[in-house]
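>>> sequence first, then the predicted structure:
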Amino acid sequence: MLLAPEQLYFHGLITKSAGHRGRVQSAISDMNLRTDPTAPQRRRIGTQLLRWYDENQRTLPWRGERDPYRVWVSEIMLQQTRVNAVKDHYRRFLERFPTVQELARAKPAAVLASWSGLGYYRRARALHDSARLVARSGAFPRSAQEWQQLPGIGRYTAAAIASIAFGERSAVVDGNVERVLARMFGASTKDSWELAGELLNAERPGDFNQAMMELGATVCLPHAPLCHACPVAEHCMTRGTVAKAPLPQRKKREVGYELLRQGDSIHLVKRPATASLMPNMWELPSSRVDRKKRALLRVRHSITTTDYRVNVYAGSAGKAMRPGRWVRISQVLELPLTGLTRKILRALQII
Ligand code: SF4
């Protein structure tokens, strides 16, 4: 049974009072309406979505890529990271490590240095560990099940790589796909993975998966879906009337760093190996925040759910006796810098 919100209203199943949009989803759930797509509908959704994708997909460096190593790198970089932040890193990383063998042979610090600025560095370590396993075995995994055996690869990433690189009929569900499915089918009797698997186009599974993600990223937006531009609106149960996702609570912090220069070198310190964030990465020495002191630079920086106000002060070389080391500016980029350190050094035109 598929009813549009206006039909629900017409049938008296919901009331069109203030805030009714946000309550449609719970109304659907409460009534346990079965909104699973029928077989003809599934075929039509596949055709419409793929046609739309062929005409409207964004041009991205990994678009059309079928090489498993390149697909894999793009999928790992895209985990919890915006597309725009990934584009340049993806190109640079593949220039530095064009094959899985070259990545496997690299030193951990070199891999982290290339990842610097992308955040969630655990991904880089797991990618490196996995590259070593793949290089040693002499072949890429093929099925999603095999990909999932590698460190850092979960169900979503495994299905994405297997479908895009090898054409395996494995559906993906990420946050975007989940939102699209919830909006389209309301209270389905099935979970998102099952629904996505039923909708998956058997001839072009990789493209279909990317089309679903593209729809979620560019049309079925979290806070204001563009239903007028949606290629599958005719099948959509809610047409964007599902309650908006609450914005995550963000914390605010103010921090200070010191820039110490000596000739053509700057002083950097290594974060502890036990740090929960960015272990073993290099950064400027931290400093007390002093509002009376003139800062060389003030920048804003966000890490996960915290927004930082960052003050960078000129430091005195005498303090450099603490742990850390002097690094030639020409060699700074060979170290795995934190994203914030890279941002500061760029803003100060040091790198
Ligand atoms: S019609 Fe609107 S809410 Fe439904 S899938 Fe399309 S964009 Fe999303």
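Received, thanks. Numbers count the residues shown, from 1 in each chain.
>>> which of the three states applies to residue 256?
strand (DSSP: H, G, I helix; E, B strand; the rest coil).
>>> just the C-alphas of the helix ranked longest in the chain, formatted as CSV.
Counting residues, the longest helix in the chain under DSSP state H turns out to be helix 39-56. Provided in CSV are the C-alpha atoms of helix 39-56 (Å, rounded to 0.1, in the frame of the first residue of the first chain):
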residue,chain,number,x,y,z
ALA,A,39,8.4,-5.8,-8.4
PRO,A,40,7.4,-3.5,-11.3
GLN,A,41,8.0,-0.5,-9.1
ARG,A,42,11.5,-1.7,-8.2
ARG,A,43,12.3,-2.1,-11.9
ARG,A,44,11.0,1.4,-12.7
ILE,A,45,12.9,2.9,-9.8
GLY,A,46,16.1,1.3,-11.1
THR,A,47,15.6,2.6,-14.6
GLN,A,48,14.6,6.1,-13.5
LEU,A,49,17.4,6.4,-11.1
LEU,A,50,20.1,5.2,-13.5
ARG,A,51,18.9,7.5,-16.2
TRP,A,52,19.0,10.4,-13.9
TYR,A,53,22.5,9.4,-12.6
ASP,A,54,23.9,9.1,-16.2
GLU,A,55,22.7,12.6,-16.9
ASN,A,56,23.4,14.3,-13.6
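>>> what helices or strands is the next helix or strand after that helix leaning on?
Of the helices and strands lying after helix 39-56 in sequence (DSSP states H and E), the nearest is helix 68-78. If you count contacts as 3 or more Cβ pairs under 8 Å, 6 or more residues apart in numbering; DSSP states H and E, helix 68-78 packs onto helix 83-96, helix 122-137, helix 155-166. (C-beta placed from N, C-alpha, C; glycine too.)
>>> nearest to the ligand, of these?
helix 83-96 (18.5 Å; Cβ to the nearest ligand atom).
>>> how about the closest one: buried residues?
Within helix 83-96, the residues scored as buried using 16 or more other Cβ atoms under 10 Å are 83, 86, 89, 90, 93, 94.
>>> so which elements touch it?
helix 68-78, helix 108-115.
>>> if you set the cut-off to 6 Å instead, what comes out?
helix 68-78 (3 or more Cβ pairs under 6 Å, 6 or more residues apart in numbering; DSSP states H and E).
>>> so what's the model's average confidence on the helix it packs on?
Averaging pLDDT along helix 68-78 yields 97.
>>> is the longest helix of the chain up against the ligand anywhere?
No. Helix 39-56 lies out of reach of the ligand by Cβ under 6 Å from any ligand atom, never closer than 10.0 Å.
>>> so which bits of that helix are buried?
42, 45, 46, 48, 49, 50, 52, 53.
>>> again with stretch 174-185
Neighbour-count burial for stretch 174-185 [16+ other Cβ under 10 Å]: 174, 176, 177, 178, 179, 180, 181, 182, 183, 184, 185.
>>> give me the angle between the helix or strand containing the fifth one and helix 155-166.
Residue 179 belongs to helix 175-185 when elements are defined using DSSP H and E. Inter-element angle recorded for helix 175-185 and helix 155-166: 100 degrees (by axes from the mean of the first three to the mean of the last three Cα atoms, to 10 degrees).
>>> what's the neighbour count on the residue of the stretch 251-351 of the chain found nearest the ligand?
Closest to the ligand within the stretch 251-351 of the chain is residue 305: 26.1 Å, counting by Cβ to the nearest ligand atom. Residue 305: 9 surrounding residues under other Cβ atoms under 10 Å.
>>> that one contacts residue 249, doesn't it?
No. With contact defined as Cβ atoms under 6 Å, residue 305 does not reach residue 249; the gap is 7.0 Å.
>>> let's see the pLDDT reported for the closest residue to residue 174 other than its chain neighbours.
Spatial nearest neighbour of residue 174, excluding adjacent residues (Cβ to Cβ, 6 or more residues apart in numbering): residue 156 at 5.4 Å. For residue 156, the pLDDT comes out at 96.
>>> residue 156 against residue 170, yeah?
No. Using Cβ under 6 Å, residue 156 makes no contact with residue 170, being 9.9 Å away.
>>> so for these two, which sits in the more crowded spot?
Shown here are residue 156 and residue 170; by other Cβ under 10 Å, residue 170 has more neighbours (26 against 21).
>>> just the pLDDT for the more buried one.
Taking residue 170 on its own, its pLDDT is 97.
>>> one more: residue 188?
Note on residue 188: pLDDT of 60.
>>> repeat for residue 248
Residue 248 is assigned a pLDDT of 68 by the prediction.
>>> output the below-cut-off pLDDT ranges for the stretch 251-351 of the chain.
For the stretch 251-351 of the chain, applying pLDDT under 70 flags the ranges 317-322.
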